[in-house]
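[1] What follows is a predicted structure for the sequence shown.
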Protein chains: 2
Amino acid sequence: MGRPREFDVDEALERAMRVFWERGYEGVSLTDLTKAMGITKPSLYAAFGDKKELFRKALERYTEGPADYGTRALEEPTARGVAEAILRGAVRTTTRPGGPAGCLGVQALASSEAGRPAHDMLVEWRNSWALRLEERFQRAVDEGDLPRDADPRRLARYVMTVTFGIAVQAAGGLGRDELQDIADMALECWLPNGVRRTHTEPSG
Amino acid sequence: MGRPREFDVDEALERAMRVFWERGYEGVSLTDLTKAMGITKPSLYAAFGDKKELFRKALERYTEGPADYGTRALEEPTARGVAEAILRGAVRTTTRPGGPAGCLGVQALASSEAGRPAHDMLVEWRNSWALRLEERFQRAVDEGDLPRDADPRRLARYVMTVTFGIAVQAAGGLGRDELQDIADMALECWLPNGVRRTHTEPSG
DNA sequence: AGACTTATATTCCGAGCGGAATAGAAATCG
DNA sequence: CGATTTCTATTCCGCTCGGAATATAAGTCT
């Protein structure tokens, strides 16, 4: 009962996500948000809570939307396939023609105290991906897909580091082809069904 | 003639650099700066110009101070040595015990219009490193240090991408040992005196 | 119809922003 | 000394911030 909402909550959130993606948490004001979302401040407040909560929801939507390639990548049958899919997905998403360059999750590397909520959310977001990837690589070791002496955490950290680096480069304007080229280089350390080495120095 | 300055310009700039490094351009107010620098606003204005100019000078100082490992790295005798030194330097600088985690140059990946000056400076800063590295690798090809068919631009992009990724991870709290481990992995693509492959797919 | 509920629109809040202006203090000159 | 110059300190500017309060419109209930 009561007066029905006049705007589409889902679309408003989508627009908020877009704005945060483009300009970051600290770089966006409530006025920017309400303007982009097509609603007024009380409506925003009632539907999403304060700015921090709205950002949290936008980040969730980002994870399930533009960044869903990550979840799909983890379902690839081989560890190498997972790594390939993650890097390729990152390249595509950070250079999406209609969207902002870069990654919503790779932001707020430094912030004021006011930006700390978003900063912390993003650190946790990035770490959670590293963890999911590590668990997936551990499974690959257990299944014999990766060598028994492979180090899943190390491998996951490496892939995530390159992925984050790609996000930085994308934000700087590098194009899709150049970034995919970088991703390919990073994958050259891997054999088709696993890794070439994980801990030992090259033999020759 | 006239009244002499009561503060040390160099030390004030050092402190400003530190604050920008820690909280980013948009995350720092003039009040934060004057407080950290131990001077008042008119003094800041007279000595450094406005906030944007101060940031530019802080970035220059960063380049010649904490990030001088980059310039020194380019003087290494071999391309592999250059890559090693850059990655190792990035790891050390982004995890320096007394300093902020992360890299002053890897910030402002997304910003408001007000933050655009700093954003653009940083994009240019990162690109300039990629260029210097590319030129260094080109020299290595010319000297026979790298194979004739190596692609200097590709190699430079790869190294810089990993370097930026390391900065992101450092900002997220990863420690020095873990990051050095990642750097080592990135270097495993290289033979002692060059690269294993640059353009071709792995043979097996 | 009319009470009730929940939306929307407008207005306002104290605080802080980047920046500028003004006033006073400390040095060097003739 | 006293004029000049350049620093420092204080104050103020218009503006915007995130957030809250108030008032009104638009629905659903009995």
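    Received the coordinates, thanks. Numbering: from 1, shown residues only, chains lettered A, B, ... in the order given.

[2] how deep is residue A:2 tucked in, by neighbour count?
    4 (other Cβ atoms under 10 Å in any protein chain shown). (Each C-beta comes from the backbone N, C-alpha and C, glycine too.)

[3] Counting by contacts, list what the lengthiest helix in chain A packs against.
    Secondary structure of chain A per DSSP state H: the longest helix is helix A:116-143. In terms of contacts (3 or more Cβ pairs under 8 Å, 6 or more residues apart in numbering or on different chains; DSSP states H and E), helix A:116-143 is packed against helix A:51-64, helix A:79-94, helix A:152-171.

[4] and with 6 Å instead?
    Judged by 3 or more Cβ pairs under 6 Å, 6 or more residues apart in numbering or on different chains; DSSP states H and E, the packing partners of helix A:116-143 are helix A:79-94, helix A:152-171.

[5] Name the residues of chain A found near chain B, please.
    Proximity of chain A to chain B (Cβ under 6 Å from any Cβ of the partner chain) is limited to residues A:23-24, A:26-27, A:102, A:106-107, A:109-112, A:115, A:123, A:126, A:157-158, A:161-162, A:164-165, A:168-169, A:171-172, A:182, A:185, A:188-189.

[6] One more pass at 7 Å, please.
    Selection of chain A residues close to chain B by Cβ under 7 Å from any Cβ of the partner chain yields A:22-24, A:26-28, A:102, A:106-107, A:109-112, A:115, A:123, A:126-127, A:154, A:157-158, A:161-162, A:164-166, A:168-169, A:171-173, A:178, A:181-182, A:185, A:188-189, A:191, A:197, A:202.

[7] surely residue A:169 meets residue A:179?
    Yes: the pair residue A:169 / residue A:179 is scored as a contact, 6.1 Å apart, by Cβ atoms under 7 Å.

[8] dump the residue contacts of the residue nearest to the spatial centre of chain A.
    For chain A, residue A:105 is the residue whose C-alpha lies nearest the centre (Cα atoms, centre = their mean; 4.8 Å). By Cβ atoms under 7 Å, 6 or more residues apart in numbering or on different chains, the contact set of residue A:105 is A:67, A:122, A:125-126.

[9] so what's the backbone phi/psi at it?
    Dihedral pair for residue A:105: phi -80, psi -10, per degrees, to the nearest 10.

[10] distance between the ends of stretch A:23-41?
    Its first and final residues considered, stretch A:23-41 spans 19 Å by Cα to Cα, to the nearest Å.

[11] sorry, back to before: can you say which of the residues of chain A next to chain B are buried?
    Burial by neighbour count, 16 or more other Cβ atoms under 10 Å in any protein chain shown: within the residues of chain A next to chain B this picks out A:22-24, A:26-28, A:102, A:106-107, A:109-112, A:115, A:123, A:126, A:154, A:157-158, A:161-162, A:164-166, A:168-169, A:171-172, A:178, A:181-182, A:185, A:188-189.

[12] what's the helix or strand for residue A:148?
    Taking DSSP states H and E as the definition, one finds residue A:148 inside no helix or strand.

[13] wait, isn't residue A:94 in contact with residue A:166?
    Yes: Residue A:94 is in contact with residue A:166 according to Cβ under 7 Å; the separation is 6.3 Å.

[14] circling back to that earlier point, any idea which of the contacts of residue A:105 has the most stuff around it?
    If you rank these by neighbour count (other Cβ under 10 Å), residue A:122 sits at the top with 26 neighbours.

[15] what's the neighbour count on the closest residue in space to that one that isn't next to it in sequence?
    In this structure, residue A:122 finds its nearest non-sequential neighbour in residue A:108, 5.3 Å apart by Cβ to Cβ, 6 or more residues apart in numbering or on different chains. Counted with other Cβ under 10 Å, residues neighbouring residue A:108 total 26.

[16] Residue A:88 is in contact with residue A:163, correct?
    No: Residue A:163 lies out of contact with residue A:88 (Cβ under 7 Å); the separation is 10.3 Å.

[17] Looking at these two, which is more packed in?
    Set side by side, residue A:163 and residue A:88 give different neighbour counts by other Cβ under 10 Å, the larger being at residue A:163 (29 against 17).

[18] The more buried one and residue B:162: what is the separation?
    For residue A:163, the distance to residue B:162 equals 11 Å [Cβ to Cβ, to the nearest Å].

[19] How about residue A:141?
    From residue A:141 to residue B:162 the distance is 24 Å (Cβ to Cβ).

[20] one step back: Serialize the helices and strands packed on helix A:116-143 to TSV and add fields for distance to DNA strand C and mean pLDDT.
    Putting the helices and strands packed on helix A:116-143 into TSV (distance: least, Cβ to the nearest atom of the strand, whole Å; pLDDT from 0 to 100) gives the following:
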stretch	distance to DNA strand C	mean pLDDT
helix A:79-94	29	97
helix A:152-171	22	97
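
[21] In TSV, list these along with distance to residue A:54.
    Shown next, in TSV, are these (distance: least, Cβ to Cβ, whole Å):
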stretch	distance to residue A:54
helix A:79-94	21
helix A:152-171	22
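
[22] Residue B:189 versus residue A:189, what's the distance?
    5 Å.

[23] Ignore what I typed, I meant residue A:38.
    Residue A:38 is 49 Å from residue B:189, by Cβ to Cβ.

[24] And for residue A:97?
    In terms of Cβ to Cβ, residue A:97 sits 31 Å off from residue B:189.

[25] ditto for residue A:121
    On the measure of Cβ to Cβ, residue A:121 and residue B:189 end up 33 Å apart.

[26] and the residue of chain A found nearest chain B, what does it touch?
    Among the residues of chain A, residue A:165 lies closest to chain B, at 3.0 Å counting by Cβ to the nearest Cβ. By Cβ under 7 Å, 6+ apart, the contact set of residue A:165 is B:161-162, B:164-165.

[27] Kindly report the same for residue A:32.
    With Cβ under 7 Å, 6+ apart, residue A:32 has these contacts: residue A:19.

[28] so which strand or helix has whichever residue of chain A sits closest to DNA strand C?
    Using Cβ to the nearest atom of the strand, the single residue of chain A nearest to DNA strand C is residue A:2, 2.1 Å away. Counting by DSSP H and E, there is no helix or strand that carries residue A:2.
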